[in-house]
Structures are given as structure tokens and as C-alpha cells.
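> what follows is a predicted structure for the sequence shown.
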Amino acid sequence: KAGVTQTPRYLIKTRGQQVTLSCSPISGHRSVSWYQQTPGQGLQFLFEYFSETQRNKGNFPGRFSGRQFSNSRSEMNVSTLELGDSALYLCASSATRGEQFFGPGTRLTVL
Amino acid sequence: GNSVTQMEGPVTLSEEAFLTINCTYTATGYPSLFWYVQYPGEGLQLLLKATKADDKGSNKGFEATYRKETTSFHLEKGSVQVSDSAVYFCALSGPENKLSFGAGTTVTVRA
């Protein structure tokens, strides 16, 4: 099976812009979760989508949003970018609760 | 809430040395426990898992045992190789399908 894919792999944006990241889960997986990884805060959970519905949400401001499509692909959007949003954004898919498989990540740099 | 504490390192070892990375957790109920590994420029790879007390997860020479009495899940490998150089993350998953991660331990193995 193909693994989790994320596009794009790298992005450079400026403050105030918005960005959309995409994630395609492993075939058959209906749950997609998003995580932010930074040197200072480590790995933090953003949200999880299951069958097109947000099932869990972490402690991030409303500028961070997501959605999931009927084919389980997911997108994450960050509006009004801030310098502190620079991070590696990781997507993970799972078939059942607990065991999650990660994509290579999207490296976002905000200038 | 759930939390994971792991030895931060960095850890530097010679090839064929014994590796231990300590991990303890705080959680309600009976979480599943995981070790993930991250190589430079990549996402997270699931290394091993354990879903109930006294379970031993193992993979590629790495082992960890779920110890409920000490709330620990220490990672061990008897003889490390240069290719084991990476960042290792301990994580747990509770009833909600979201992972809580430790801060990560950077391991460098020298030839």
C-alpha cells in the first residue's frame, strides 16, 4: 500500500497570508490527524477528522482549520500567518484508534 | 490530561553499545504506548507499540515493555548501529484518537 502523502513538501509564505496543506491517507484509512512540530513546542496535536467530521481538536487558535473529503483526503488551512506558524506540519492516518502512520510532512516557513 | 516525559539527551554512543531511553507517562485509563523514530528531513515512523500492561513491543532489535506499575515504557536496544542515529519519540494514545508525545531524544551513534 502507498503511504501517507503530503503536498507540498515545502512552502514559503509571508506574514498575513494564508496557506492550504494537503494530505492523502493510506487507502482504506478513514481517520486523518494533523500535528505541528516545532523546536520549541515539540509535537502538538491540531485536529482529527473521521468520515468528513472533526472528531477531536487540540488547543490551537481558530486560524487553524481543516476539512476532510469523501475520499478521506484532508486539507489544513492556516489563515493570517504569523512568524510563529513556521513549523513542520505532519499528517497521520489510521484505520483504528491508536496506531497512526505519518506522512513526510510539509515544511512551512513564514517570513 | 495525558502527558509523556522522556529523557531528552542528546545521547551519543559508539557502535555496538547498549541504548536505553527512558519514558514515563501520565494518563487516565489504559492508554496505548508507542515509540516513533524520525530521521533527518522525514516524518515519523512507528517503531513499536504496546496496547496493554506487560505487553512487549519489538522491532528491528528495539524493545519496550508496558509497565503499568511504574507507568513506564523504556526503549532499549542491545547493540546500536550508525544507522540508528535519529530522534526517538515516546507517545501515548488514550480513548480519543490523538497522540501525546514526549519531547524527543536525539541519538547519535559513532562508528
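Good, I have the coordinates.
> least trustworthy helix or strand in chain A by mean pLDDT?
Of all regular secondary-structure elements in chain A, judged by mean pLDDT, DSSP states H and E, the least confident is strand A:53-57 with a mean of 93.
> same question for it: list its buried residues.
A:R55 (16 or more other C-beta atoms under 10 Å in any protein chain shown). Just so you know, the C-beta spots here come from the backbone N, C-alpha and C atoms, and that holds for glycine as well.
> residues in chain A within reach of chain B, list them.
Listed as neighbours of chain B in chain A under the rule C-beta under 8 Å from any C-beta of the partner chain: A:4, A:6, A:31, A:33, A:35, A:42-43, A:45, A:48, A:50, A:55-56, A:58, A:90, A:92, A:94, A:97-105.
> can you tell me which of the residues you listed are buried?
Going by neighbour count (16+ other C-beta under 10 Å), these have A:4, A:6, A:31, A:33, A:35, A:43, A:45, A:48, A:50, A:55, A:90, A:92, A:94, A:97-105 buried.
> among these, which ones are in helices?
Using DSSP state H, no member of those falls within helices.
> can you list which of the residues of chain A next to chain B are found in strands?
Within those, membership in strands is found for A:6, A:31, A:33, A:35, A:42-43, A:45, A:48, A:50, A:55-56, A:90, A:92, A:94, A:101-102, as judged by DSSP state E.
> which pair in those residues spans the largest distance?
A:G42 and A:F50 (24.4 Å; C-beta to C-beta).
> what does the model give residue 40 for pLDDT?
In the absence of a named chain, chain A is used. A:G40 is assigned a pLDDT of 90 by the prediction.
> that's the wrong chain, I wanted chain B
Reading off the per-residue confidence, B:P40 sits at a pLDDT of 89.
> could you do A:G98 as well?
So, for A:G98, pLDDT stands at 69.
> now B:T108
Looking at B:T108, its pLDDT reads 97.
> count of neighbours near it?
Around B:T108 there are 14 other residues, counting by other C-beta atoms under 10 Å in any protein chain shown.
> swap in A:L88?
Using other C-beta under 10 Å, A:L88 has 19 neighbouring residues.
> next one: A:V78
For A:V78, the count of nearby residues is 25 (other C-beta under 10 Å).
> contacting residues around stretch B:68-84?
The list of residues contacting stretch B:68-84 from outside it, by C-beta atoms under 8 Å, 6 or more residues apart in numbering or on different chains, reads B:13, B:15-27, B:30, B:33, B:35, B:47, B:50, B:53-54, B:61-67, B:88, B:90, B:107, B:109-111.
> just the buried ones from those residues?
Members of those classed as buried by 16+ other C-beta under 10 Å are B:13, B:19, B:21, B:23-25, B:27, B:33, B:35, B:47, B:50, B:62-67, B:88, B:90, B:107, B:109.
> now chain A, which segments are flagged as low pLDDT?
By pLDDT under 70, the weakly predicted segments of chain A are A:98.
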